[in-house]
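Asker: Quick one, structure for this:
(one chain, ligands or ions: 1)
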Amino acid sequence: MSGRKILVALTGAGISAESGFRTFRDSGGLWEQYSVEDVASIQGWYRNPKLMTDFYNDLRRQLEHAQPNEGHKVLAELEEYFDVRIITQNVDNLHEKAGSHNILHLHGELTKARPVNDDRESKIVDIGYRAMEYGEKNADGETMRPHIVWFGEAVPAITEAARLVRSADIFAVIGSSLVVYPAAGLIHDLRGGTKSYLIDPAEVDVPGWLNFRVIREPASTGVAKMRDELLREYANA
Ligand code: APR
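Answerer: Residues are numbered from 1 along each chain as shown. So this is what the prediction gives:
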């Protein structure tokens with residue numbers, strides 16, 4: 001292959017569904033059990049930080065034993081052929097577990113924590129899979145919270161994500177309903193003519209003029225189908 005093409009994948013909850021993580025908005029999804037306001041908004045944190053701490057402790061505990069599925073794995077394998085950049089809305093680490101190397105987490109990471117009043121990169125720490133104590137402090141005496149971007153908060157990584165999308169030769173949305181902004185708006189940063197895929201078992205609204213090749217399948221088979229098509233088209237280029 002002459003010159004590696006840049007493949008940018010925007011992934012959402014759907015890519016982790018077959019690894020046992022519930023999506024947010026499907027029926028049976030997380031938001032049927034909890035309200036967004038209670039467990040995923042900054043106002044929820046002000047109201048009931050204990051509930052939020054417990055909620056993310058539960059998710060983190062589940063994550064320890066969760067395994068990447070074929071969707072994550074095939075994306076990792078594609079690094080052999082393409083310069084793969086993943087932008088994920090997921091707070092799990094299943095892309096990492098699958099072996100992908102370039103992963104931008106738009107909405108934070110379950111295995112990290114940061115001070116409540118400081119979201120600078122240098123203050124974010126790895127906590128692995130351990131439970132956080134409500135009100136726990138770091139060595140500087142600052143109260144810590146999960147490193148998750150909640151509704152009502154800025155998305156600091158969005159500028160870098162937009163730059164990545166603009167650099168894409170090939171683009172794929174995998175398992176995202178594209179209803180949550182600013183992530184959903186990233187498709188408007190695509191350069192005209194970028195070969196684009198949408199992989200999702202359900203219908204997702206995207207503007208017709210972007211010419212997405214829609215693969216209406218779960219990630220486990222859909223990403224493999226995309227791989228086969230891409231290798232047919234580019235492997236001998
Ligand atoms: N493979 C691929 N896609 C799937 C699968 C699967 N096996 N199962 C479900 N899906 C699709 C659904 O059809 C839906 O379009 O995954 C999508 C999940 O959409 P959402 O639940 O809205 O998740 P997401 O788009 O990631 O949400 C964005 O919103 O709730 C916040 O911060 C949270 O990061 C999340 C953001």
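
Asker: now for the lengthiest strand in the chain, which elements pack on it?
Answerer: The residue-count maximum for a strand in the chain (DSSP state E) belongs to strand 108-115. Packed against strand 108-115 by the contact rule (3 or more Cβ pairs under 8 Å, 6 or more residues apart in numbering; DSSP states H and E) you find helix 49-65, strand 125-126, strand 144-148. In short, each C-beta sits where N, CA and C put it, glycine included.

Asker: Of those, which is nearest residue 115?
Answerer: Taking Cβ to Cβ, strand 144-148 is the member of the helices and strands packed on strand 108-115 nearest to residue 115, at 6.0 Å.

Asker: tell me the angle of that closest one relative to strand 108-115?
Answerer: Relative orientation of strand 144-148 versus strand 108-115 (axes from the mean of the first three to the mean of the last three Cα atoms, to 10 degrees): 150 degrees.

Asker: in its sheet, what does strand 144-148 sit against?
Answerer: As defined by DSSP bridges, the strand partners of strand 144-148 come to strand 108-115 (antiparallel).

Asker: hmm, the partner strand in reach of the ligand?
Answerer: No: under the criterion of Cβ under 6 Å from any ligand atom, strand 108-115 makes no contact with the ligand; the nearest approach is 8.7 Å.

Asker: So what touches that strand?
Answerer: Strand 108-115 is contacted by residues 56, 59-60, 63, 91-93, 123-129, 132, 138, 140, 142-149 when judged by Cβ atoms under 8 Å, 6 or more residues apart in numbering.

Asker: near the ligand, from the residues you listed?
Answerer: Counting by Cβ under 6 Å from any ligand atom, nothing from the contacts of strand 108-115 sits close to the ligand.

Asker: Enumerate every residue touching residue 100.
Answerer: 72, 75-76, 79, 84, 86.

Asker: From one end of stretch 191-198 to the other, what's the distance?
Answerer: End-to-end distance of stretch 191-198 (Cα to Cα, to the nearest Å): 16 Å.

Asker: now that stretch, how far from the chain's geometric center?
Answerer: Counting by Cα atoms, centre = their mean, to the nearest Å, stretch 191-198 is centred 19 Å from the centre of its parent chain.

Asker: State the distance from residue 234 to residue 141.
Answerer: For residue 234, the distance to residue 141 (Cβ to Cβ, to the nearest Å) stands at 53 Å.

Asker: What of residue 14?
Answerer: With Cβ to Cβ as the criterion, residue 14 and residue 141 are 40 Å apart.

Asker: Pop the domain breakdown of this protein in here.
Answerer: Annotated domains of the chain cover 1-21+68-107+155-237, 23-65+112-148 [automatic domain parsing].

Asker: Return the most buried member of those.
Answerer: Across the domains of the chain, averaging neighbours per residue (mean count of other Cβ atoms under 10 Å) puts domain 1-21+68-107+155-237 on top, at a mean of 19.

Asker: next one: it to chain centre, how far?
Answerer: Distance of domain 1-21+68-107+155-237 from its chain centroid, counting by Cα atoms, centre = their mean, is 10 Å.

Asker: circling back: TSV please, covering the helices and strands packed on strand 108-115 and showing mean pLDDT and distance to residue 171.
Answerer: Listed next are these as TSV, based on pLDDT from 0 to 100; distance: least, Cβ to Cβ, whole Å:
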stretch	mean pLDDT	distance to residue 171
helix 49-65	93	27
strand 125-126	98	30
strand 144-148	97	26
